[in-house]
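Undergrad: need a structure here:
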Amino acid sequence: MTVHVVGNATVDITYRVRQLPRPGETLLATSRTVDAGGKGLNQAIAAARAGAEVRLIAAIGTDAAVAVLRDRLAGEAGLEAVLLEAPFVSDESLIMVADDGENAIVSTQACAAWLDGDRALAALGAVAAGDTLLLQGNLSITATEACLAHGRARGLHTVLNPAPLHFDIGPLLPLVDLVVVNEVEATTIAGIADPGDAAAAIRARVGGAVLLTEGARGCRLFRTSEAEPFPAAKVRAVDTAGAGDVFTGVVTGRLASGASLGAATALAVQAAALAVTRPGTSGSFPTAAEIRALEGEIEG
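TA: The predicted structure follows:
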């Protein structure tokens, strides 16, 4: 079964800093790197490395920087990239990463906003019942709704990671089978202060389950009235940017390859923990061989 990822692709510019700046503070960066990123591209790569056949649909710019995106995607086995050229410069993410691994990210979205529902559905083309549709929060609400409704009508398994939150996702939840959120996203969506209670409230509105990611603590799976914890390995975090995308992509890729939700979640937690020990966004992601090795360790 194929995983169809409709999302964004960005050129990620990362500055290393001692600590994240306070309001009004100017800092000197210790290094600067450029990498391919964007939640759509990141999750597509992670899903492909987890063993799924993946199609990524994303809008890119017409500037020279787009070569960073094309070069990254060209070497990914099992990943077909359908890149639509928008009449803008490529979307960018400016990432600041502190010495403790925490990050702050600001992204542009001209290309992502240009990818409306009509363009996305035309690029999706023929899909098969039983395929998976994976979306994030970068597209407009109309494009997101059009894709989810299309997927639900055609028997696709729908997965939504609604970050970044920039519109009310609540009305779309009944179209989703699996929601992946962090603690801030869960409390914002549900309007409930406690992340666990918020995730449980979201689960009551979706067709299937909710995965609540909790950073270094791992995640909790909500598919019944009881939450199932999945602790993460204890590691020294170097750069947490992209860890949530690794998690979402690996979960989705393993589910599409026939794994149970529990097994896919256990693997995704450990894959994300490995990613944060390295600098960069997509350049830090575990390889397909590393993901297979992690799966063997878990099963063993």
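
Undergrad: what ranges do the helices span in this structure?
TA: Remark: helices assigned in the chain by DSSP state H are 39-49, 66-74, 110-114, 117-124, 141-153, 183-190, 195-203, 243-256, 261-275, 288-299.

Undergrad: show me what the first one is packed up against.
TA: The helices and strands touching helix 39-49, judged by 3 or more Cβ pairs under 8 Å, 6 or more residues apart in numbering; DSSP states H and E, are strand 2-8, strand 53-60, helix 66-74, strand 79-85, strand 132-136, helix 243-256, helix 288-299. Glycine gets a C-beta too; all of them are placed from N, C-alpha and C.

Undergrad: if we can go back for a sec, so which of the helices of the chain comes closest to E102?
TA: helix 243-256 (11.1 Å; Cβ to Cβ).

Undergrad: now that closest one, how far from the centre of its chain.
TA: In terms of Cα atoms, centre = their mean, to the nearest Å, the centre of helix 243-256 is found 8 Å from the chain centre.

Undergrad: quick check: angle from it to strand 2-8?
TA: 160 degrees (axes from the mean of the first three to the mean of the last three Cα atoms, to 10 degrees).

Undergrad: ok and helix 243-256 relative to helix 288-299, angle-wise?
TA: Inter-element angle recorded for helix 243-256 and helix 288-299: 70 degrees (by the same axes, to 10 degrees).

Undergrad: list the residues that contact the one residue sitting closest to the centre of the chain.
TA: What sits nearest the mean C-alpha location of the chain, by Cα atoms, centre = their mean, is D245, with 3.3 Å. Applying Cβ atoms under 8 Å, 6 or more residues apart in numbering to D245 gives the contacts 39, 42-43, 46, 161, 281.

Undergrad: which of the residues you listed sit farthest apart?
TA: Going by Cβ to Cβ, the pair spanning these furthest: N161 and T281, at 15.2 Å.

Undergrad: so which helix or strand of this structure has the lowest pLDDT on average?
TA: strand 103-107 (a mean of 92; mean pLDDT, DSSP states H and E).

Undergrad: export it to PDB, keeping only CA atoms.
TA: Extracted in PDB, the C-alpha atoms of strand 103-107 (Å, rounded to 0.1, in the frame of the first residue of the first chain):
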ATOM      1  CA  ASN A 103      14.800  24.800  19.000                       C
ATOM      2  CA  ALA A 104      12.600  27.600  17.700                       C
ATOM      3  CA  ILE A 105      11.400  27.600  14.100                       C
ATOM      4  CA  VAL A 106       9.800  30.200  11.800                       C
ATOM      5  CA  SER A 107       8.700  29.200   8.300                       C
END
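
Undergrad: quick check: buried residues in it?
TA: By 16 or more other Cβ atoms under 10 Å, the buried positions in strand 103-107 come out as 103, 105, 107.

Undergrad: excluding covalently adjacent residues, which one is nearest to the second one?
TA: To tie it back to what came earlier, the one meant is I105. Residue nearest to I105 in three dimensions, not counting chain neighbours: I95, with 5.0 Å by Cβ to Cβ, 6 or more residues apart in numbering.

Undergrad: hang on, that neighbour packs against T281?
TA: Yes - contact criterion Cβ atoms under 8 Å: I95 and T281 qualify, at 7.3 Å.

Undergrad: intersection of neighbour lists for the two?
TA: Shared contacts of I95 and T281, counting by Cβ under 8 Å, 6+ apart, come down to 12, 14, 241.

Undergrad: which of those residues scores worst on pLDDT?
TA: The member of the shared contacts of I95 and T281 with the lowest pLDDT is A241, at 90.

Undergrad: wait, isn't that one in contact with A104?
TA: No - between A241 and A104 there is no contact under Cβ under 8 Å: 9.4 Å.
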